[in-house]
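Visitor: sequence below, structure please.
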Amino acid sequence: ACIMTSTGAWPIRTRGITARYRSSWVWQMLSARGPSALVTCLLLTASPLGLADGDDLFQQNCSSCHGVGAVGIPGLAPPLKNPALWGALDDDALRYLVGVATNGMSGKLEVDGQVYQGMVMPPMRHLDPNDLASIAGYVLSDVNGVSVTPSESDVIALQSESMNHGSLRALRNSGGGDDQ
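Guide: Numbers count the residues shown, from 1 in each chain. Down below sits the predicted model:
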């Protein structure tokens with residue numbers, strides 16, 4: 001017969017568990033605190049429900065043009081991995097990134113000797129501000145080492161600014177961008 005004991009939210013079977021599993025952290029968690037402790041532990045170590053991280057969102061929304069890891073695709077879309085540009089833009093790095101993502105970009109662009117001309121980045125207005133904040137954090141912080149933690153409210157405020165391709169290009173050039 002199985003012995004049932006209650007150590008938490010649900011009764012737990014204590015017979016039929018092999019010694020191999022009794023030494024695992026799962027068994028220890030279940031026997032010490034019950035299944036509710038295991039669920040709590042798993043929830044605390046997982047990312048917030050419904051929120052994808054910036055890398056995943058970048059891969060879903062941006063990498064088909066800007067490449068995996070934001071390294072760009074020659075002739076199609078420039079690399080977003082450009083620490084010199086983002087560092088030179090300094091406080092305007094997030095403004096530029098959100099401006100381009102919200103309004104798109106067109107015209108000739110030259111980056112590291114590679115010319116990008118004739119392709120147009122469409123506005124990505126379908127992106128949720130929180131998702132765009134995650135993507136911006138990934139591109140700026142994770143890929144380029146810029147110390148910034150964009151928030152949804154930062155993105156919403158920047159999206160409300162009137163920025164056209166000319167003002168975005170001027171902003172890029174003020175940061176030492178090498179487009180023409």
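Visitor: would you map the helices across the chain?
Guide: Taking DSSP state H as the test, the helices found in the chain are 19-22, 25-33, 35-45, 54-61, 63-66, 83-89, 93-103, 129-137, 152-159, 165-174.
Visitor: want to throw those into TSV with mean neighbour count and distance to residue 119?
Guide: All C-beta spots, glycine's among them, are computed from the backbone N, C-alpha and C. Below are the helices of the chain laid out as TSV (neighbours: other Cβ atoms under 10 Å; distance: least, Cβ to Cβ, whole Å):
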stretch	mean neighbour count	distance to residue 119
helix 19-22	10	56
helix 25-33	15	51
helix 35-45	12	41
helix 54-61	18	17
helix 63-66	16	8
helix 83-89	18	19
helix 93-103	22	13
helix 129-137	23	20
helix 152-159	17	23
helix 165-174	16	13
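Visitor: export the ones you listed to JSON lines and append columns for distance to residue 114 and mean pLDDT.
Guide: Formatted as JSON lines, the helices of the chain follow (distance: least, Cβ to Cβ, whole Å; pLDDT from 0 to 100):
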{"stretch": "helix 19-22", "distance to residue 114": "56", "mean pLDDT": "47"}
{"stretch": "helix 25-33", "distance to residue 114": "50", "mean pLDDT": "51"}
{"stretch": "helix 35-45", "distance to residue 114": "42", "mean pLDDT": "49"}
{"stretch": "helix 54-61", "distance to residue 114": "21", "mean pLDDT": "95"}
{"stretch": "helix 63-66", "distance to residue 114": "13", "mean pLDDT": "94"}
{"stretch": "helix 83-89", "distance to residue 114": "14", "mean pLDDT": "93"}
{"stretch": "helix 93-103", "distance to residue 114": "18", "mean pLDDT": "96"}
{"stretch": "helix 129-137", "distance to residue 114": "23", "mean pLDDT": "97"}
{"stretch": "helix 152-159", "distance to residue 114": "28", "mean pLDDT": "96"}
{"stretch": "helix 165-174", "distance to residue 114": "15", "mean pLDDT": "90"}
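Visitor: for these, which one sits closest to residue 112?
Guide: Nearest to residue 112, of all the helices of the chain, is helix 83-89, at 9.5 Å by Cβ to Cβ.
Visitor: quick one: which of the helices of the chain is nearest residue 113?
Guide: helix 83-89 (13.7 Å).
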